[in-house]
Structure formats: structure tokens, C-alpha cells
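Asks: Output the structure for:
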Amino acid sequence: MDLFLLDFLGKPLWMWLVFMSLVVALLVFDLGVLNKDDHEIEIAESLKLSAMYITLGIAFSGFIYWSMG
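Replies: Alright, predicted model coming up:
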């Protein structure tokens, strides 16, 4: 368990693993669930997806700010 507490690029390894897992999960969700049909997306769908990803990015940066101070 001490392996997850080792520093990697100045932060604990567990934090990097959570971040990478989140990125991979979002890619799988986007490519496998939301966009499995070949179609040209409409403006409304594009705005919804953009708002979702912007919100997730702001929430993640808020979590980092809250946890790191």
C-alpha cells in the first residue's frame, strides 16, 4: 500500500491513477455509449456534450483545489 503514497511528478501516485482512470472512463463512455452511431451531430447535442465536459473539468479542478489547498 505504500506504493500508492509514493510521489510521482510531485503528487501521490493514487491521484494520478484516479485521474487516468477518469480520463479513460470518459473516453469509453463518449466513444462507446454516446457516439456509437455514425451521424452528424446537431448544434444542441454539441452544446450539451461541451457543457458536460466543461462541467466535469471545472468539478475536477475544484476537487484538486479543495484537496491541495
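Asks: Now do the helix or strand of the chain with the lowest mean pLDDT: everything it contacts.
Replies: Ranked by mean pLDDT, DSSP states H and E, the helix or strand of the chain with the weakest confidence is strand 7-8, at a mean of 76. Outside strand 7-8, the residues that touch it by CB atoms under 8 Å, 6 or more residues apart in numbering are 13, 16. From N, CA and C alone the C-beta is placed, and that goes for glycine too.
Asks: Give the buried residues for the longest helix along the chain.
Replies: In the chain, with assignment by DSSP state H, the single longest helix is helix 43-68. Buried residues in helix 43-68, counting neighbours by 16 or more other CB atoms under 10 Å, are absent.
Asks: Average the pLDDT values over that helix and round to the nearest integer.
Replies: Per-residue pLDDT over helix 43-68 has a mean of 90.
Asks: CA atoms only for the helix or strand that residue 25 is a member of - export them in CSV, please.
Replies: In this assignment (DSSP states H and E), residue 25 forms part of helix 13-29. Written as CSV, here are the backbone C-alpha positions of helix 13-29 (Å, rounded to 0.1, in the frame of the first residue of the first chain):
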residue,chain,number,x,y,z
LEU,A,13,0.6,8.1,-7.2
TRP,A,14,-3.0,7.3,-6.3
MET,A,15,-4.1,10.8,-7.5
TRP,A,16,-2.5,10.1,-10.9
LEU,A,17,-4.2,6.7,-11.2
VAL,A,18,-7.6,8.2,-10.3
PHE,A,19,-7.1,10.9,-12.9
MET,A,20,-6.0,8.5,-15.7
SER,A,21,-8.9,6.1,-14.8
LEU,A,22,-11.3,9.0,-15.1
VAL,A,23,-10.0,10.1,-18.5
VAL,A,24,-10.1,6.5,-19.8
ALA,A,25,-13.7,6.0,-18.4
LEU,A,26,-14.8,9.3,-20.1
LEU,A,27,-13.3,8.3,-23.4
VAL,A,28,-15.0,4.9,-23.3
PHE,A,29,-18.3,6.5,-22.3
